[in-house]
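Chemist: I'd like to go over a predicted model; first the sequence, then the structure.
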Amino acid sequence: MYTSGKPRAKPHCFLASLGMKQEGSLRVLVKGVTDLEPGDHVLPVFTGECKECRHCKSEESNMCDLLRINTDRGVMLNDGKSRFSIRGQPIYHFVGTSTFSEYTVVHVGCLAKINPAAPLDKVCVLSCGISTGLGATLNVAKPKKGSSVAIFGLGAVGLAAAEGARISGASRIIGVDLNASRFNEAKKFGVTEFVNPKDHDKPVHEVIAEMTNGGVDRSVECTGSVSAMISAFECVHDGWGVAVLVGVPNKDDAFKTHPMNVLNERTLKGTFFGNYKPRSDIPSVVEKYMNKELELEKFITHEVPFSEINKAFEYMLSGAGLRCIIKMDA
Ligand SMILES: [Zn+2]
């Protein structure tokens, strides 16, 4: 779910202002902020970019030391306090954005300044899952034109990964999901073939190896299931195959594969937020949408007003692959 208009909670910061992906225009700035002006259009992002630390200075990393996602902090960095309260009780921030509110306070390092002509109720989806899947393919898996790509998990992130494969010119995009009702929808994102592991007696990596004469060139795993992660790795071709892990596993999961799978020149990679640096890179993803290279409309199946937010949760929990924008009430 995404919020469009003006801004989840954690157990030990019980009262929290929820919401993590949204857009808005900037009203007020704090002294010292030099690269934004009131009226700028911005995407608040759940992870930040300070531009000063080793990670921000590295071309390879987006894991900012200062502002990388922190679900436990709940307060502003400079004074350790929340900017929200109710009847004298603090309400904690959520992942630095707290976007289910008409006004919010965000660290400048978590704001991506974007093209003011971009429709905010569309590009808000780039603040999290869509950039995560898209970047996993474009920035990390990097499939070549004409190559084969397997996408594990056809939720929003997986569909965005498929969109990245489509943009890259992949000739075969194989969608893998246990829920066959997602297959039709995935065709819109360039998925050409489908594998439902439930339909096969043999392991899914063997099914894919048979379909592709030895394995796919690239795979992107977007489920968080450790068995899917292992399959995603073992289904890439020896000699050149690259598998990228995107989904977040359970705390006690362990990734197990025979070392020969690596020695046979398969590469396993992981990525966070599609390796995009929020401030430096997300504006250019917005431009990809503006010049029609990237299609965002098809990611949004429903819109609900904020006053009916519970409907959005119903859509999410239905498991029917519904992807919803929450519009803040005027
Ligand atoms: Zn940094």
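Modeler: Nice, I can see it.

Chemist: can we go C-alpha only for contacts and neighbour counts from here?
Modeler: OK.

Chemist: for the stretch 101-250 of the chain, what spans make up the helices?
Modeler: Applying DSSP state H, counting those that start in this stretch to the stretch 101-250 of the chain gives helices spanning 120-123, 129-135, 156-167, 183-187, 204-211, 226-234.

Chemist: Can you mark which positions in the last one are buried?
Modeler: Within helix 226-234, the residues scored as buried using 16 or more other C-alpha atoms under 10 Å are V226, A228, M229, I230, S231, A232, F233, E234.

Chemist: Name the helix or strand of the protein that has the lowest mean pLDDT.
Modeler: Taking mean pLDDT, DSSP states H and E as the measure, strand 2-4 is the helix or strand of the chain with the lowest mean score, a mean of 50.

Chemist: In the stretch 51-200 of the chain, which residue sits closest to the ion?
Modeler: C64 (3.6 Å; C-alpha to the ion).

Chemist: hang on, that residue packs against S58?
Modeler: No. C64 is beyond contact range of S58, at 9.8 Å (criterion: C-alpha atoms under 8 Å).

Chemist: what does the stretch 51-200 of the chain have sitting close to the ion?
Modeler: Contact residues (C-alpha under 5 Å from the ion) of the stretch 51-200 of the chain with the ion: K51, C53, C56, C64.

Chemist: confidence score at the second one?
Modeler: C53 is assigned a pLDDT of 97 by the prediction.

Chemist: list the contacts for it?
Modeler: C53 sits next to C64, D65, L66 when contact means C-alpha atoms under 8 Å, 6 or more residues apart in numbering.

Chemist: pretty sure the last one is touching K51, no?
Modeler: The reference is to L66. No. If you go by C-alpha under 8 Å, L66 and K51 don't touch, sitting 9.6 Å apart.

Chemist: number of nearby residues for P305?
Modeler: Residues near P305, counting by other C-alpha atoms under 10 Å, number 18.

Chemist: How about it, nearest residue that isn't a chain neighbour?
Modeler: K327 (4.7 Å; C-alpha to C-alpha, 6 or more residues apart in numbering).

Chemist: Point out where this structure drops to low pLDDT.
Modeler: Residue ranges of the chain with pLDDT under 70: 1-31, 329-330.

Chemist: Outline the domain layout of it.
Modeler: Residue ranges for each domain of the chain read 2-127+300-327, 130-274, as given by automatic domain parsing.

Chemist: So I326: helix, strand or coil?
Modeler: strand (DSSP: H, G, I helix; E, B strand; the rest coil).

Chemist: quick one, strands of the protein?
Modeler: 2-4, 24-25, 41-44, 84-86, 89-91, 111-113, 148-152, 172-176, 193-195, 218-221, 242-245, 267-270, 302-305, 324-327 (DSSP state E).
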